[in-house]
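Peer 1: what's the 3D shape of this:
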Amino acid sequence: MDKNYELPTDKTDFTICVNNETGETDNKKEGEYFRMQIIKYASGRVMVKGSVHKFFNRADFNGNDFDMKNFSTALQDLETEIGLQPEYCRLENIEIGVNIQLPFDPNKLLQNLLFHRSVEFNKTISGSFYYQSAKTEYIIKIYNKTAQYEKKLKKIAQNSNVKNKYEQEEANFLKSTIEKQLQPNTLRFEIKFLKMNVLNDLGIVYLSDFLKPEMAEPLKDLLLKEFQEVCLYDYTMDETGMRMQEINKLKDYRNPNYWVNLNKKDKYYHKKRFEKMTLKYSQNIKANVSELIKQKMEKLTAKNLDFFTNNFS
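Peer 2: Sure, this is the predicted structure:
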């Protein structure tokens with residue numbers, strides 16, 4: 001943000017950290033407004049961290065669709081309420097994604113993920129609803145949104161240590177929001193950009209750039225392209241018509257460790273062979289999911305992507 005940005009002291013309280021031993025401060029001021037963390041450094045630079053999607057919902061919830069109309073409204077509210085000007089907010093990282101409703105339990109897909117562009121999927125959070133494949137410039141994330149928020153609902157129900165009336169009201173509002181808006185079997189696919197090179201090349205530098213109509217198609221294409229690079233074992237594979245050689249090879253293909261030990265040339269060969277077997281002997285779940293993503297995007301047209309920034313300044 002512009003160095004001349006004034007902190008909205010009428011909206012939130014700002015704190016300055018003090019060293020207990022020396023009494024010195026770093027002159028860094030920090031505050032929060034509806035989960036948007038605002039930090040002003042001694043240099044005058046201002047950084048905002050948080051989810052525009054959750055800000056729009058006014059709750060710790062992003063399990064619903066967040067279209068471009070919602071995004072525009074959220075940016076207008078941020079400017080009106082705390083003075084953030086999107087055209088001066090340079091993006092440092094961002095996530096783009098889409099929520100789809102599957103006709104089956106999303107965990108059946110998640111538990112059979114193998115790799116994305118040669119990098120295996122890891123389950124970095126306890127539970128079976130979140131998987132990611134991390135690269136240098138971005139992270140592919142696939143997870144079960146329904147399971148994520150059902151777990152949060154249980155946590156709310158079990159939490160008897162609410163400190164005050166405000167926290168109780170906040171918990172009740174979140175519970176109500178989840179119950180009203182969360183859909184069953186919701187799978188989320190998203191790209192978390194750690195570096196902005198790819199998006200900068202598309203013409204996205206500032207927060208306001210997402211509002212440009214010409215940005216919709218490239219972002220849709222990017223999301224679909226990255227999903228096509230996901231390699232998974234199709235749980236609908238039917239071995240009854242397979243030759244014994246194919247059955248034995250399939251045991252290798254469904255094992256993530258098998259792929260890790262292949263060189264680039266062999267991995268390419270066996271990936272193509274695996275894809276042919278999948279097309280021949282399965283219901284092709286990946287293609288069905290890809291089609292659901294496409295249909296969701298087409299249904300929402302210019303409102304098809306969920307956007308929420310982690311850091312911008």
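Peer 1: buried set for stretch 224-237?
Peer 2: Neighbour-count burial for stretch 224-237, counted by 16 or more other Cβ atoms under 10 Å, picks out Glu226, Phe227, Val230, Cys231, Leu232, Tyr233, Asp234, Met237. From N, CA and C alone the C-beta is placed, and that goes for glycine too.
Peer 1: residues in contact with that stretch?
Peer 2: For stretch 224-237, contacts defined as Cβ atoms under 8 Å, 6 or more residues apart in numbering pick out 108-109, 112-117, 140, 142, 189, 191, 250, 253-254, 259, 271, 274, 277-278, 281-286, 289-290, 293-294, 297.
Peer 1: same thing but 6 Å
Peer 2: 108, 112-117, 189, 191, 254, 278, 281-283, 285, 290 (Cβ atoms under 6 Å, 6 or more residues apart in numbering).
Peer 1: now for the residues you listed: which two are most distant?
Peer 2: Farthest apart among the contacts of stretch 224-237 by Cβ to Cβ are Ile191 and Tyr281. That separation is 30.3 Å.
Peer 1: okay, those two: which has more neighbours?
Peer 2: Counting neighbours by other Cβ atoms under 10 Å for Ile191 and for Tyr281 shows that Ile191 has the greater number, 21 against 18.
Peer 1: so where does the more buried one fall, helix or strand?
Peer 2: Using DSSP states H and E, the element containing Ile191 is strand 186-193.
Peer 1: chain center to the helix or strand that that strand is followed by, what's the gap?
Peer 2: Counting by DSSP H and E, the element after strand 186-193 in chain order, helix or strand, is helix 197-202. Distance of helix 197-202 from its chain centroid, counting by Cα atoms, centre = their mean, to the nearest Å, is 18 Å.
Peer 1: what angle sits between the next helix-or-strand element following helix 197-202 and strand 186-193?
Peer 2: Sequence order places helix 216-228 as the next helix or strand after helix 197-202, per DSSP H and E. Calculated by axes from the mean of the first three to the mean of the last three Cα atoms, to 10 degrees, helix 216-228 forms an angle of 110 degrees with strand 186-193.
Peer 1: now do helix 216-228: distance to the chain's middle.
Peer 2: Helix 216-228 sits 14 Å away from the centroid of its parent chain (Cα atoms, centre = their mean).
Peer 1: tell me which other helices or strands the strand holding Ile191 touches.
Peer 2: Applying 3 or more Cβ pairs under 6 Å, 6 or more residues apart in numbering; DSSP states H and E, one finds that strand 186-193 contacts strand 91-101, strand 138-144, helix 145-158.
Peer 1: and Phe104, that one's in a helix?
Peer 2: No: read with DSSP: H, G, I helix; E, B strand; the rest coil, Phe104 is coil and lies in no helix.
Peer 1: how close does the nearest residue to it once chain neighbours are set aside sit to Thr9?
Peer 2: Excluding its sequence neighbours, the residue lying closest to Phe104 (Cβ to Cβ, 6 or more residues apart in numbering) is Asn185, at 6.8 Å. Applying Cβ to Cβ, to the nearest Å, the value for Asn185 to Thr9 is 45 Å.
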